[in-house]
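Undergrad: Sequence below, structure please.
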Amino acid sequence: MTDTAPDTFDAVIMGGGLAGLTLALQLRQRFADLRVLVLERRAHPVPHAAHKVGESSVEIGAHYFDTVLGLKAHMDAEQLRKFGFRFFFSEGRSDIDKVTEIGASRYLSVPSYQIDRGIFENFLAEEAVRRGVQFVDGALVRRITLADDPATPHRIEWTRGEHTHHAQARWVIDACGRAGMLKRKLGLAESNAHDVNAVWFRIGERIAIDEWSDDEAWRTRCDPQARWLSTNHLVGAGYWAWLIPLASGSHSVGIVADPKLHPLDTIDTFDKAMAWFATYQPRLFEALDGKRHLLQDFAFLKHFSHGCKQVFSGRQRWAMTGEAGLFLDPFYSPGSDFIAIGNTYITDLIAQDRAGRPIDKRAQLYDQLYHSFYESTLALYQDQYPLFGDPEVLPVKVIWDYAYYWGVLSQIFFQHRLTDLHALGSLKAELQHCQRLNLEVQALMRRWSASSRRANPAVMLDQAAMPWFAELNRSLRDTLDDAAFRARIRASTAQLRQLAGEVLARARATDPGVDAGALPALLEENLGLPPVSADAGAMLFEADTVDAAG
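TA: Residues are numbered from 1 along each chain as shown. Here you go, the predicted structure:
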């Protein structure tokens, strides 16, 4: 059966998962009269726990959910507050209390969450309907006909059961995940040089990492004694394994690995993954071995990182969000961050279009900015997996990566400057300098790790004990006017320059002949900022303390 006249909408969102539903909420929040249709292939309600992977959020995504979209009551009551990232150099070890640990001993100021995607997406769908969005589950998009001119609406044909429906809309947004309908239709798929694979599964019971040791001193390093609430990374050369708790009571477990060091066919079934854990992470194997009957699902994904030539079009009035466009790497959980950024750009483009303003140029600039953020973040992962098992270099990398994330991109998002092209243009020199610094520091750490001693002392490298680090996190809560925002980015640039100088000094102290690349020249550039101090060591973990513990 086929309907007759098509329904007309301002926006049709293909895909009612995390990206599509949050965009629908953001659009309705901006315009109460906006007609939004969300077409979701899966039937609702979706199952808890074993629904979708991608449960860990970080500060930008968390702020988007709890503050921008106003969902804090749900996040606090129905999801778990995350106890930050935590890293253990536990390859081949069962004595997790005798290895180097990176993490915070207490909660920092700005929250993030562990998200049960089933619980969250069911809630988002219900909330979207409450806010006036037309949400249709069990809907399969069959045909998209993009209009050639601004006066003509796009047409979408979709089926639900035996019924065929038609809709027309001024805007079409692809949020259907890796299916990438618009990307395939328009030939925009683009690979990148980050070749990594992942496997994951959910176990229907908590994995109590805090009980992996009877050492009271180890347990009481953290307040609360709740390491299980962290996104725990068990790291080794070429891979990391994740442990993420879910509010439904299950635990998410995954392995992400460079195939040059750990081929996918060694981990692509549950039994293979368990055998792999027995060799590389035996303490986790012990925790899981008695829970095999509680296995809820198992999946794997080959070469999951991908690009896209274009994600926003002003002229043709289409956009992509979430994995329908770009995807990076789950190591620092940036997926919800890029949903937040992409949705904010899409919402502003639709707002500008509704106001009758030309949006071609703006869409091009947003696309360039979005790709710039993507490339900068990709540098944190690309060719970095071999050093993940390095207890000397990875702690330095983690501190640098946080400082870069909180000091630049997070400041832009939290201060609502993503769409402020004037502010971003006035800071072009600083932002480009930070981007170049990041590329050089990442390259330096790869070369430094090649000569690292890889000592693995029984210490906790406590991020909460670093005053500047905790303050950088807290600063995201500030409300800044234009002048203060520009001053904040300039201060972040100066801070990153100082930190880069200390990273270089630490690398040279370990390996005087390490190739520093273009980093020294960058640090000598005159940006009207304070010079990099020769007094190294003020921002990093104390090297001599770590050495003494070993």
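Undergrad: quick one, phi psi at Ala491?
TA: Geometry field for Ala491 lists phi and psi as phi -70, psi -40, criterion degrees, to the nearest 10.
Undergrad: typed the wrong thing, it's Gly307
TA: Summarising the backbone geometry of Gly307 under the convention degrees, to the nearest 10, its torsions are phi -110, psi -170.
Undergrad: per-residue confidence at the residue lying closest to it once chain neighbours are set aside?
TA: Of all residues beyond its chain neighbours, the one nearest Gly307 is Glu190 (4.0 Å), with distances taken as CB to CB, 6 or more residues apart in numbering. From N, CA and C alone the C-beta is placed, and that goes for glycine too. In the predicted model, Glu190 carries a pLDDT score of 95.
Undergrad: Ok, Ser109 next?
TA: According to the per-residue confidence, Ser109 scores 98 in pLDDT.
Undergrad: do you know how far it is from Asp258?
TA: Ser109 is 34 Å from Asp258, where distance means CB to CB, to the nearest Å.
Undergrad: Neighbour count for those two, which is higher?
TA: For the pair Ser109 and Asp258, the greater number of neighbours falls to Asp258 (19 against 13), based on other CB atoms under 10 Å.
Undergrad: quick one: contacts for that one?
TA: Each residue near Asp258 by CB atoms under 8 Å, 6 or more residues apart in numbering is listed here: Asp195, Val196, Gly238, Tyr239, Tyr385, Pro386.
Undergrad: just checking, which of those belong to strands?
TA: Residues of these located in strands (DSSP state E): Tyr239.
Undergrad: Out of the contacts of Asp258, the closest to Arg488 would be?
TA: Distances from Arg488 to the contacts of Asp258, taken as CB to CB, are shortest for Tyr385 (32.8 Å).
Undergrad: just checking, the residue nearest to Gly307 touches Cys308?
TA: Yes: Glu190 sits in contact with Cys308 when judged by CB atoms under 8 Å, with a separation of 5.6 Å.
Undergrad: Could you check which of the two is surrounded by more residues?
TA: Each of Glu190 and Cys308 had its neighbours counted (other CB under 10 Å), and the higher figure belongs to Cys308 (23 against 12).
Undergrad: Just the pLDDT for the more buried one.
TA: Residue-level pLDDT assigned to Cys308 equals 98.
Undergrad: and the gap between it and Tyr345?
TA: When Cys308 is compared with Tyr345 (using CB to CB), they lie 14 Å apart.
Undergrad: Repeat that for Asp390.
TA: 37 Å.
Undergrad: now Leu369
TA: 8 Å.
Undergrad: Also Gly290?
TA: If you measure Gly290 against Tyr345 using CB to CB, the figure is 47 Å.
Undergrad: So if I had to pick from these two, which one is more boxed in?
TA: The neighbour count for Gly290 versus Tyr345, taken as other CB under 10 Å, is higher for Tyr345 (23 against 9).
Undergrad: Mind telling me what element that one is part of?
TA: Using DSSP states H and E, Tyr345 falls within helix 335-354.
Undergrad: Please state the backbone phi and psi of the closest residue to Thr344 other than its chain neighbours?
TA: Leaving out its chain neighbours, the residue that sits closest to Thr344 by CB to CB, 6+ apart is Leu418, at 5.2 Å. Backbone dihedrals for Leu418, given as degrees, to the nearest 10, come out at phi -60, psi -40.
Undergrad: residues contacting Leu418?
TA: Leu418 makes contact with Ile341, Thr344, Tyr345, Leu369, Ile412 under the criterion CB under 8 Å, 6+ apart.
Undergrad: among those, which two are most distant?
TA: The most widely separated members of the contacts of Leu418, counting by CB to CB, are Tyr345 and Ile412 (12.1 Å).
Undergrad: buried set for the lengthiest strand in the chain?
TA: In the chain, taking DSSP E as the definition, the longest strand is strand 163-174. Judged by neighbour count using 16 or more other CB atoms under 10 Å, the buried positions of strand 163-174 are His165, His166, Ala167, Gln168, Ala169, Arg170, Trp171, Val172, Ile173, Asp174.
Undergrad: Show me what the third one bridges to in the sheet.
TA: The bridge-partner assignment for Ala167, based on DSSP bridges, gives Asp7, Ile156.
Undergrad: Isn't it up against Asp10?
TA: No: using CB under 8 Å, Ala167 is not in contact with Asp10; the gap is 11.2 Å.
Undergrad: Need the residues touching each of the two.
TA: Among the neighbours of Ala167, none is also in contact with Asp10 (CB under 8 Å, 6+ apart).
Undergrad: Ala24: which of the contacts of Asp258 is nearest?
TA: Distance to Ala24 across the contacts of Asp258 (CB to CB) is lowest for Val196, with 31.2 Å.
Undergrad: how far away is that closest one from His306?
TA: Relative to His306, and taking CB to CB, Val196 is found at 11 Å.
Undergrad: who's more crowded, those two?
TA: Taking Val196 and His306 together and counting by other CB under 10 Å, Val196 has the greater number of neighbours (25 against 18).
Undergrad: For the residue nearest to Gly307, which residues are in contact?
TA: Glu190 makes contacts with His306, Gly307, Cys308, Lys309, as judged by CB under 8 Å, 6+ apart.
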